[in-house]
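# Got a predicted model here, sequence first, then my questions.
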Amino acid sequence: MHEPVLPTEVVGFLDPGPGKRYVDATVGAGGHTAALLARGAFVVGVDQDPYALALARERLSPFGDRVTLVRGNFRDLRALLAPLGLPALDGILLDLGASSLQFDAPDRGFSFRAEGPLDMRMDPDAPTTAADLVNGLPEPDLARLLWEYGEERYGRRIARAIVRARPLHTTGELASLVSRAYPPGRHRIHPATRTFQALRIAVNDELGALREALPAAVSLLASGGVLCVISFHSLEDRIVKHFLREGALAGRLEVLTKKPITPAEEELARNPRARSAKLRAARVSEVGLPPASCPRS
């Protein structure tokens with residue numbers, strides 16, 4: 001069973017209780033949602049991955065009509081929730097990036113540790129795959145993608161190697177090629193880590209979706225409602241940090257995390273994949289102000 005990240009801390013900030021209403025905008029297998037439901041709350045779970053929703057539906061079925069599951073991208077949160085006619089919400093959670101469910105499915109193509117197609121789509125119906133980018137982008141655009149979305153310092157070298165070797169079709173082919181393109185020596189992380197991150201972010205437009213989701217989420221919260229965001233790399237965290245700071249300066253938000261919350265050693269021992277997680281939270285201080293905008297930095 002997929003284990004949610006920072007569940008105790010998320011529940012602490014959202015403070016669920018009977019009659020309260022929440023949206024888990026990245027429901028995945030339903031771990032965070034189950035924790036909210038267990039305390040009597042009503043929860044709408046949103047996810048663009050139909051395979052995750054199927055697992056969540058099975059896991060959360062004991063909670064009956066206190067949970068509603070909706071397929072869609074959280075960038076469209078307002079449109080997805082509009083048909084439900086919900087009142088202003090008590091809390092919203094965004095748990096960013098790919099899930100363990102996706103990383104652990106070789107046929108989804110998210111991981112360089114297992115052979116699979118170069119796919120990486122969170123929504124399997126989306127039009128663009130990682131193979132499309134790897135095999136179709138001009139070398140300068142590929143190098144730029146690796147730098148902007150992966151902060152890959154060897155992006156030009158890797159892009160050159162990809163263009164010379166393509167077409168590439170599998171995760172194993174790409175991971176092996178990137179490893180050969182890297183300078184020799186010891187590396188703190190696998191050489192393909194940043195390349196795979198960059199491609200995944202580009203395939204799913206993760207940063208663009210986040211920039212749209214943050215102001216939408218704030219606009220859906222009641223006065224006193226709480227937004228929690230869990231990020232897993234500096235690109236996401238920077239966007240969230242700037243958004244919350246601008247909301248605080250505008251008097252729209254009260255930031256509840258002076259510094260991001262990270263997993264305790266006990267959680268890391270149980271769930272090593274949580275090691276890079278950072279949780280930021282803010283409370284809506286007033287309603288009626290214009291929705292905060294999201295910076296592009």
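Everything's here; your move. Residues are numbered from 1 along each chain as shown.

# So residue 190 versus residue 274, what's the distance?
Counting by CB to CB, to the nearest Å, the gap from residue 190 to residue 274 is 18 Å. In this view, the C-beta of every residue, glycine as well, is placed from N, C-alpha and C.

# Which of those two has more residues huddled nearby?
Using other CB atoms under 10 Å, the more surrounded residue of residue 190 and residue 274 is residue 274, with 20 against 15.

# check contacts around the more buried one.
Listed by CB atoms under 8 Å, 6 or more residues apart in numbering, the contact set of residue 274 reads 5-6, 263, 267-268.

# What does the pLDDT read for it?
Here the pLDDT value assigned to residue 274 is 91.

# tell me which residues in stretch 139-147 are buried?
Using 16 or more other CB atoms under 10 Å as the test for burial, stretch 139-147 gives 142-147.

# among the contacts of residue 274, who's most crowded?
Counting by other CB under 10 Å, top hit in those: residue 5 with 25 neighbours.

# Distance of that residue relative to residue 13?
Distance from residue 5 to residue 13, by CB to CB: 13 Å.

# same deal with residue 164?
Distance, residue 164 to residue 13, by CB to CB: 49 Å.

# Just the helices from the chain, written as ranges.
Using DSSP state H, the helices of the chain run over residues 7-14, 31-37, 50-60, 77-81, 100-103, 130-136, 139-150, 155-165, 171-181, 193-204, 206-220, 234-249, 265-270.

# Kindly reformat the ones you listed as CSV containing mean pLDDT.
As requested, these are exported to CSV (pLDDT from 0 to 100):
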stretch, mean pLDDT
helix 7-14, 98
helix 31-37, 98
helix 50-60, 97
helix 77-81, 98
helix 100-103, 92
helix 130-136, 98
helix 139-150, 98
helix 155-165, 98
helix 171-181, 97
helix 193-204, 98
helix 206-220, 98
helix 234-249, 97
helix 265-270, 94
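
# pretty sure residue 275 is touching residue 264, no?
No. Look at residue 275 against residue 264 with CB atoms under 8 Å: they stay out of range, at 11.3 Å.

# Which one of residue 164 and residue 13 is surrounded by more residues?
Neighbour count, other CB under 10 Å: between residue 164 and residue 13, residue 13 has more, with 20 against 10.

# tally of neighbours for the closest residue to the more buried one other than its chain neighbours?
Distance criterion CB to CB, 6 or more residues apart in numbering; nearest residue to residue 13, sequence neighbours excluded, is residue 281 at 4.3 Å. Neighbours of residue 281 under the rule other CB under 10 Å: 24.

# what's the distance between residue 79 and residue 258?
According to CB to CB, residue 79 stands 34 Å off from residue 258.

# How about residue 151?
Distance from residue 151 to residue 258, by CB to CB: 25 Å.

# Of the two, which one has the most company?
Each of residue 151 and residue 258 has its neighbours counted (other CB under 10 Å); residue 151 has more, 14 against 6.

# Done for today, thanks.
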